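**Student:** sequence first, then the predicted structure:
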There are 2 protein chains.
Amino acid sequence: MRQQTLEALKDKGFRLTKIRKLIIDVFFSNADAPISAPELRTHLLALDVKANKTTIYRELDFLSAQGIIVEINAGDGKKRYELDRFGHHHHILCLRCSAVECVAIEDCALEEQLSRVDLKNFKVTGHALNFFGICAGCSPCTEC
Amino acid sequence: MRQQTLEALKDKGFRLTKIRKLIIDVFFSNADAPISAPELRTHLLALDVKANKTTIYRELDFLSAQGIIVEINAGDGKKRYELDRFGHHHHILCLRCSAVECVAIEDCALEEQLSRVDLKNFKVTGHALNFFGICAGCSPCTEC
DNA sequence: TTGACAAATGCAACCCCGTTGCAATACAAT
DNA sequence: ATTGTATTGCAACGGGGTTGCATTTGTCAA
């Protein structure tokens, strides 16, 4: 999957630079946790790669344009990105540590119901459903 | 309603300054369109009142703390505020002009369904459902 | 009406996320 | 090895938002 992604880019005439490959790696190894630009930069630093923030933003735009990742909005005003290989789903944001996870809505008729909402003459192109709360890591203590 | 709001503030020992009264006016006269801090500033300028942006942000915090307005997230990363006198509802954002409107979800079982979603050990405290699209004003032409 | 005190405001400086123009670098094909 | 262009870095900027501190202004009591 990762290898196919790289080859597809190369076939289209784009270069497989060190940073680009590493960024793709980060996405493949954090598949269910959307990543923001600053977070991505930190991930790279942990791999001893310091990338200019401009590069990060441009690469995220590039990978989005190539359909490899998609921008998601988790409700806290920061853009995050995740691999574009999952179906439509939603997200949950930890209000304490800002971690975001994907939430699959399995069996429910939510999507269908949404189509019946009165949307005030808007041409609706999409929606986002975000949950907020405290993640398991941030509330380990049952009595508090 | 507006008058009651002002008196309630005064009873609590807060001052009814020119800017504060005008801001409250803006909220009451734009009741179904959540407003951001920069937008609010523009509204005031249109009334020949130039308020420092710090004042705007502090006043929004203040009115939120007093339960007069609530912060909402429309999915574009900018904080907006609206009067806290409506029940739970959602929002729709115009991707072209960034206007936001409230969307009432009348009869559906959405809320109930949400409670059955698998939320990965999060303690869920809330959710936000945002729609995206193009508003009537931004797509007046039916053939394009 | 006038003080006087606290609430509210303005100002300047700062932080963070994100963007843009332009020069420098590095990939990949020849 | 050379070359053309994709990519990167740098510097500067912009918007949204915050903080500390000095100044102004509501309000109330004398």
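**Tutor:** In hand now; what should we look at?

**Student:** got the contact list for the spatially closest residue to residue A:53 that is not a sequence neighbour?
**Tutor:** Distances taken as CB to CB, 6 or more residues apart in numbering or on different chains put residue A:41 closest to residue A:53, at 6.3 Å, once the chain neighbours are dropped. For the C-beta atoms, the positions are set from N, CA and C on the backbone; glycine is no exception. Residue A:41 is in contact with A:51, A:53, A:56, counting by CB atoms under 8 Å, 6 or more residues apart in numbering or on different chains.

**Student:** which of those residues fall within helices?
**Tutor:** Those of these mapping onto helices are A:53, A:56, per DSSP state H.

**Student:** between the contacts of residue A:41, which is closest to residue B:28?
**Tutor:** residue A:53 (42.1 Å; CB to CB).

**Student:** correct me if wrong: that closest one contacts residue A:37.
**Tutor:** Yes. Judged on CB atoms under 8 Å, residue A:53 makes contact with residue A:37 at a distance of 7.1 Å.

**Student:** these two: who's more crowded?
**Tutor:** residue A:37 (16 against 11; other CB atoms under 10 Å in any protein chain shown).

**Student:** and the pLDDT at that one?
**Tutor:** Per-residue confidence (pLDDT) for residue A:37: 97.

**Student:** check contacts around the residue nearest to it when sequence neighbours are not counted.
**Tutor:** Leaving aside its chain neighbours, residue A:37 sits nearest to residue A:56 (5.0 Å; criterion: CB to CB, 6+ apart). Contacts for residue A:56 were tallied using CB under 8 Å, 6+ apart; they are A:23, A:37, A:40, A:41, A:44.

**Student:** pipe these into CSV and attach distance to DNA strand D and secondary structure per row.
**Tutor:** What follows is these, written out as CSV (distance: CB to the nearest atom of the strand, whole Å; DSSP: H, G, I helix; E, B strand; the rest coil):
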residue, distance to DNA strand D, secondary structure
A:23, 8, helix
A:37, 12, helix
A:40, 12, helix
A:41, 10, helix
A:44, 9, helix
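
**Student:** which among these gets closest to residue A:13?
**Tutor:** The closest of the contacts of residue A:56, once distances to residue A:13 are taken by CB to CB, is residue A:23, at 18.5 Å.

**Student:** grab the nearest non-local neighbour of the closest one.
**Tutor:** residue A:59 (5.5 Å).
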